[in-house]
Every structure is written in structure tokens, then in C-alpha cells.
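Novice: How does the following fold in three dimensions:
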Amino acid sequence: MRTERRVLLSTAQHSYRTCFKHTAMDNPTVAALAGLAAGAAVATMYATASAQRAESADKAAHPNAAASSSTMAGHVAVVTGSGGGIGRSIAEKFAAAGASVMVADFNAAAGEATVAKIYAAGGEATFCLWDATKEADTVRLMATTKATYGRLDHLVNNAVRFVFGHLRGAGAGSGTGTDRDVTDEDWKALFETNVLGYARTIKHALPLMRLNQPSDKIIHNDQGAGVARLDCGSRGSIVNVASVSSWIAQPEFIPYNISKGGVSQMTKCCALDFADERIRVNAVGPGTIDTQGAYGHMKAIGTNDGVSLVDNDYAEGKKFFGTFASCAKRMAAPDEVASAVFFLASDEASYITGELLVVDGGLSI
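Specialist: Okay, the predicted model is just below:
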């Protein structure tokens, strides 16, 4: 069945799977994305991936060999905002450990590229065109996950929108690109993605997780008072990508920080609410991570009266961010955040719920 799906993906006509086929194609934006991702570029990516796999006779004969002994074999994960950056690294991490991954993103080409990378590395993934601001998209995302893989074990909420600004009036602050008013439209757009988007995916993932039997992690503990058999498994795990901005103040970043503070509280409340169903909910709080989002921040603060102060020199921007935003004196790679997410999602974190694991190189010490 896996091979059959990949053959379909080898043509532009069938470059999407079930999820995309049910997208409303009368939407001009969606139609444009469809045309982009269904074109020759995507077909070429898959052809390249297939060629890479064909180079190894062992991989061709045993496509799932690496996954069979891994910690996530048989598991299914939905990762939102996984068309690049932290989300892509998380999707790759789960797939490398044997999980089947539903890659959800509003950018079709980017999402398909993530799937191609996972497939080239021997993993299993499906792309779903998804908009965090549309509840119907989230309903479809979960339905397609069930139809494609039969279950859902892990949800990672990573989709994000950035909005800079403050409340004291444009021009009253730094004079950079972040020195701007925050409009009602800004607030609505930000919360639709960063807060309501997370709430919707959790709401619609929960019924699928309830269908699972708890994972089979058993610990036999003997500390001198007899052997205690501890049933430590979970029916599912949810990991929200929050931010160091959840609890620290940052200049001219008020909408984003408030939204991430909401994610932190959502995590704790859901952990409390879902505990009796044996579904764990945690979050990670990344600091300065080397992603396109960080580059956008660099551009914004490096602009004064329309003149670039750093000439879009990301090397200088990375040095600045690394020097002043962590004890480690560098920015983190997305993979370093993915490792924290993977740990919290796995049974290695079986006694951890409602926690926000900070991944900020010591920024918030």
C-alpha cells in the first residue's frame, strides 16, 4: 500500500493524497497553492527521493527495517506548521523513530518538501493542506489522519504567526520595524493561529486518542518495601510549541508574547483536564532558534526609516541574537527543539504532564 501511494505521487496530477483531494478548490488561494505543489517541482522532488532510495538495495527490500526497532514504531503523529523550521525538524524526528507523520501546513510546496525529505530518509509521511484559522480544516485533518493511518498517538502544535508592535503609538518606540501600532486585525489574526488554532487541534485530536489503549510501559519498582507494578502508559500525548516569550517580556513584541502566554496556560489546563483519560499535555519554550521566523525578526529590528542597518546580513543577525539572547552565545538549531518535543511526546516522559520545558540556551536564567 505504501508503494502504491508513492506511485500516485510520482505524477503532478496525483501529487496530493486524500487530505488535499477534499480541499475546496474554488478558493483562489488554495487553487494557487494546488497548482504550485502539483507542478513539476514536486514531481521532481519525489522522483529524486525515489532515486535515492533505489540506490540502496537493502532499503528497497526492507523499507521499514529501520523503523521496526525504533521507539515510535507503529505510532502516528500530527505535526502542524511542519513545512519548515522547527516543525519540519519535529516531523523528521518522529519519522526517523518509526512514526507515521501527518504533515500539516498552509504552504503546499513546503509541506510536500517535508514529506519528500522524510520519504527519502526511509520514513512515512503524508501532507495535508491545512489552515489553522479554519476549524473545518482541522476536522478534515483529523479525519484524514484516521483514514490514512487508523489512529493518532501524538499531536504537536507548532503553527505560528508573528506580529510585532506595542500599545503606545507608532513612532514612540525604537524607530525600527517593530515600532508600530497593534490593530484589532493584528490581534484577531494572531489569536486565530497561535491560540485558537492550538485549541481546535487539541479538541479534534482528543476523540481519536480516546480510542487508543494505553501504551505498554510497565515499571516494576522495588525500593525495599516490595515490588510495585506501575502501569505508566498513556493513551496519547500532546506537545504545544510555546516560547520563552510565554513568560518573559520583550520590547515591542506584545501580541506575540501574550499569545504564547496563552499557550502556556492552555497546556497546564488541558493537562489537568485530560489526566484522568491518561493523555499527557506538555509544551516546549524555545528561545532564539535559527529559522525563517528569526530572520524576519532580524529584518524588523534592523530597519530604521526604511534603511537596513544590517543589509539583510543574517550572519551578523545570528551573531547579535546569539550573543545577547542566550548563555550559550549562539542560536539553536531547530533539531535541538525537536529533541525536546520528542522526549515529552515519548513514554520516556511518562510522569511528565503540564510542564513547559525551556529550550533557550540559558536566556531566561
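
Novice: So which helix or strand of the chain has the lowest pLDDT on average?
Specialist: When each helix and strand of the chain is scored by mean pLDDT, DSSP states H and E, helix 65-68 comes last, with a mean of 32.

Novice: Which of the helices or strands spans Leu230?
Specialist: Assigned by DSSP states H and E, Leu230 belongs to strand 227-231.

Novice: where do the helices sit along the stretch 101-250 of the chain?
Specialist: For the stretch 101-250 of the chain, the helices defined by DSSP state H, counting those that start in this stretch occupy 108-120, 135-149, 184-194, 196-210.

Novice: got those as a markdown table, with mean neighbour count columns?
Specialist: Any C-beta I mention is one placed from the backbone N, CA and C, and that applies to glycine too. A markdown table is the format used below for the helices of the stretch 101-250 of the chain (neighbours: other CB atoms under 10 Å):
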| stretch | mean neighbour count |
| --- | --- |
| helix 108-120 | 23 |
| helix 135-149 | 19 |
| helix 184-194 | 16 |
| helix 196-210 | 20 |
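
Novice: and those helices, which one's lowest on average pLDDT?
Specialist: Among the helices of the stretch 101-250 of the chain, helix 184-194 carries the lowest mean pLDDT, a mean of 94.

Novice: which helices and strands sit right next to it?
Specialist: helix 254-274 (3 or more CB pairs under 8 Å, 6 or more residues apart in numbering; DSSP states H and E).

Novice: What are the contacting residues of the helix it packs on?
Specialist: 157, 162-167, 182, 186-187, 190-191, 194-195, 198-199, 202, 206, 238, 240-243, 245-250, 280-283, 285, 353-356 (CB atoms under 8 Å, 6 or more residues apart in numbering).

Novice: Identify each buried residue in the helix or strand just after it, please.
Specialist: Following helix 254-274 in sequence order, the next helix or strand is strand 279-286 (DSSP H and E). By neighbour count on 16 or more other CB atoms under 10 Å, the buried set for strand 279-286 is Ile279, Arg280, Val281, Asn282, Ala283, Val284, Gly285, Pro286.

Novice: The third one touches Thr353, doesn't it?
Specialist: Yes. In this structure, Val281 sits in contact with Thr353. The criterion is CB atoms under 8 Å, and the distance is 6.0 Å.

Novice: quick one: Asp335 and Ala294, what's the gap?
Specialist: Distance from Asp335 to Ala294, counting by CB to CB, to the nearest Å: 15 Å.

Novice: Of those two, which one has the most company?
Specialist: Ala294 (21 against 15; other CB atoms under 10 Å).

Novice: quick one, phi/psi of that one?
Specialist: phi -70, psi -40 (degrees, to the nearest 10).

Novice: my read: it touches Pro286, true?
Specialist: No. With contact defined as CB under 8 Å, Ala294 does not reach Pro286; the gap is 10.0 Å.

Novice: what's the neighbour count on Cys269?
Specialist: 12.

Novice: let me redo that: Lys134
Specialist: So Lys134, with other CB under 10 Å, has 16 neighbours.

Novice: Please tell me the pLDDT value assigned to it.
Specialist: Lys134 is given a pLDDT of 97.

Novice: any idea how far it is from Ala108?
Specialist: 15 Å.
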